[in-house]
Structures are given as structure tokens and as C-alpha cells.
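>>> Got a predicted structure plus its sequence, pasted below:
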Amino acid sequence: MSRHAVVIGGGIIGLATCFEFQEAGFEVTLIEPDPISGATHHAGGMLAPTAEVQYQQHELVPLMRESAQLYPDLIRRVGQHTDLPTGYRTEGTLLIGADRADGQHLTELIDYVKAADLDIEPLTTRHARQLEPGLSPRIVKVAAIDGDHQLDPRLFARALYDAVLSRGAQHIREAVETITPQAVGLTSGKRVAVESTGVVVLAAGLGAAKITGWFDGEHPLQLRPVYGDIVRVRVPEALQPLTNRVIRGFVEDRPIYVIPRDDGTVTIGATSREDSPHPRTSAIHDLLRDAIRIV
């Protein structure tokens, strides 16, 4: 008897889940009104288990390390079922301290990363600028992380989507309202039956907060949105590549990243806030100012 998986959510997590179920021999139904939108559309795409180590979050380190180790094989397997690009790049990452205080922050982070048994290599600023001539001569501290890679989330999600459809996945372009052991209820009133041998995966991101029926009492997912701004800029052809590596830094203790893309653009982030989904001119100004400070 064939097994069936219903995956709710067409972002990078939902699409990767569809793909892995197909790898395991399942028939797959994807339910998503607008694939490759939401967080996936706006994400930076850094695969950074080392640079994104957080203080007092030791339990995440082995999970992040394993995830990074699994990615190359996922990219390879997806590529067997689609000709679309993924934007996967392995040049690595440079961490930058813009001024003396930022340099001290980076020194402390290097010590913390090494204590977590992750690979990081301090560089002289001269060596760093030989590797990446676009770096500002004003930076004071640099470390290299060869194992922190990147992909382009929009490209990879499109490749995943193409791969799962090419392997026979059914795509229902509707939103989900309820989940019960017997069926997935759509906002149109239609129902998608859940087979006795089937499984339902809720991978709708923030949208999961609106889906009911699968729990009693208060919603167990206490989700809240965290917004951020991201800027994509095109590099003049004469200046390409602006950098080859992902550049992450601290400017007056504010985090900033500059991600080179294969299409001649760079992606700049990372603000974070919880009050409004709309970009602010002040935030865009801060991103450009801080990016210019290090590149």
C-alpha cells in the first residue's frame, strides 16, 4: 500500500519536506496558495552554524552543525530532479569588526566559537583584504569561517518546487483552515482526506497560528512575527564581484551582512524588530551605511 504525505506550507521548509517524503517513497500533496513567499522570499540564505552561534544556546550547536553537513547532499539530490539553479556557494564567510569595540566583540566571539569546537581562523586585516579587496581599509578585526556557506533561498525554493512537481506531487493552491485526523479543511470549504497510512506536516510558518482543529484548548504554538529589512542592490559590471565570500560584521555593535549572489547582485541585512512589517527609510539607511563601513 502506498503511503501519502500532506504537507501544508510551500516555503523552503515545506518544499524540502515534500522532497524528502518523495525520497522515502511517499506520494505527496502540497497545500499552499502562494509558494515561495513569506520568510523564504525575504531570507538571506546563509548556512552559518559557526557565525550564528548564540551565547547560552549550546543545545543548538550540534543541530546547526549537522544541518550544515547535510546540505551538500540535499543540494546534490535536488539537482538530480531539476535543471534550475540553487544559488549554493561554498566560498565561506568573513567576520568583521569595524572599530576597536567591535574588534573586542569579535575576539570574544572567536573564543566562544572555539570553545564550542567549531572552526574559525583569525586573520590579519592585510590578509583579509588580499582575499577580499573590497573590504574597507578601516576595519580592525577579521576571522574566516570556511565552513559557513550560502544559498539563494528564492532560487533553491524554485528548484525544490520544480523537483517535487516533476516527481508527481499534487499541488493544491488553497489555504488551510483546520486539521483533523480524518481530513485537512480548506478555506474554500473543501476537504483533503487523510489516509490511514498517511501523515500531515504543518510547515506553514507564521500561518500555522491560524490553523486549528488539531489541538484542544489554547493554541499550543505561541507564534509572533519578527520582521527584518533586506536590501538587494546590483553591482556595476566593472566592480563585479564586489566580494566572493559572505561578509558579516559588527558596526558599533550592530550586525550587518553582505551576501554576493551569482546574478551580480548583493543582499544586505539584517535589521530585526517586532513592531511593524513595513520597511523604514531609517532602517534602509542604517543597512547601507553599515555595509559601506565594512565593504
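Happy to help now that I have it.

>>> give me phi/psi at the closest residue to Asp34 other than its chain neighbours?
Spatial nearest neighbour of Asp34, chain neighbours left out: Gly10 (7.3 Å); criterion: C-beta to C-beta, 6 or more residues apart in numbering. Every C-beta, even on glycine, is put in place using the N, C-alpha and C of the backbone. Dihedral angles of Gly10 (phi, psi; degrees, to the nearest 10) stand at phi -110, psi 30.

>>> what's the answer for Ile284, then?
Torsion angles, degrees, to the nearest 10, at Ile284: phi -60, psi -40.

>>> Quick check: it touching Asp229?
Yes: counting by C-beta atoms under 8 Å, Ile284 does reach Asp229; the two are 6.2 Å apart.

>>> So between these two, which is more surrounded?
The neighbour comparison of Ile284 against Asp229 (other C-beta atoms under 10 Å) goes to Asp229, with 19 against 15.

>>> is it true that that one touches Ser282?
No: using C-beta under 8 Å, Asp229 is not in contact with Ser282; the gap is 9.8 Å.

>>> The stretch 101-250 of the chain: strands as residue ranges?
All strands of the stretch 101-250 of the chain, identified by DSSP state E, counting those that start in this stretch, fall at 121-123, 141-145, 149-150, 170-172, 176-179, 183-186, 191-193, 199-202, 231-234, 246-251.

>>> Let me know which of those is the nearest to Thr90.
Comparing those against Thr90 with C-beta to C-beta, the closest turns out to be strand 149-150 (4.8 Å).

>>> and that closest one, how far out from the chain's middle?
When distances are taken as C-alpha atoms, centre = their mean, to the nearest Å, strand 149-150 is centred 10 Å away from the chain's centroid.

>>> I'd like the mean pLDDT over that strand, please.
What strand 149-150 shows for mean pLDDT is 96.

>>> For Gly185, see how far away the residue nearest to Asp34 is.
Gly10 sits 18 Å away from Gly185, going by C-beta to C-beta, to the nearest Å.

>>> Compare these two (neighbour count), which wins?
Remark: of Gly10 and Gly185, Gly10 carries more neighbours, 28 against 18, as counted by other C-beta under 10 Å.

>>> now the closest residue to Thr93 other than its chain neighbours: how far from Gly44?
With sequence-adjacent residues excluded and distances taken as C-beta to C-beta, 6+ apart, Thr93 is closest to Asp148, at 3.9 Å. Using C-beta to C-beta, Asp148 is found at 12 Å from Gly44.

>>> Over to Tyr227?
In terms of C-beta to C-beta, Tyr227 sits 14 Å off from Gly44.

>>> Please say which of those two ends up with more neighbours.
Gly44 (19 against 15).

>>> pretty sure that one is in contact with Arg232, am I right?
No: taking contacts as C-beta under 8 Å, Gly44 lies outside contact range of Arg232: 10.5 Å.
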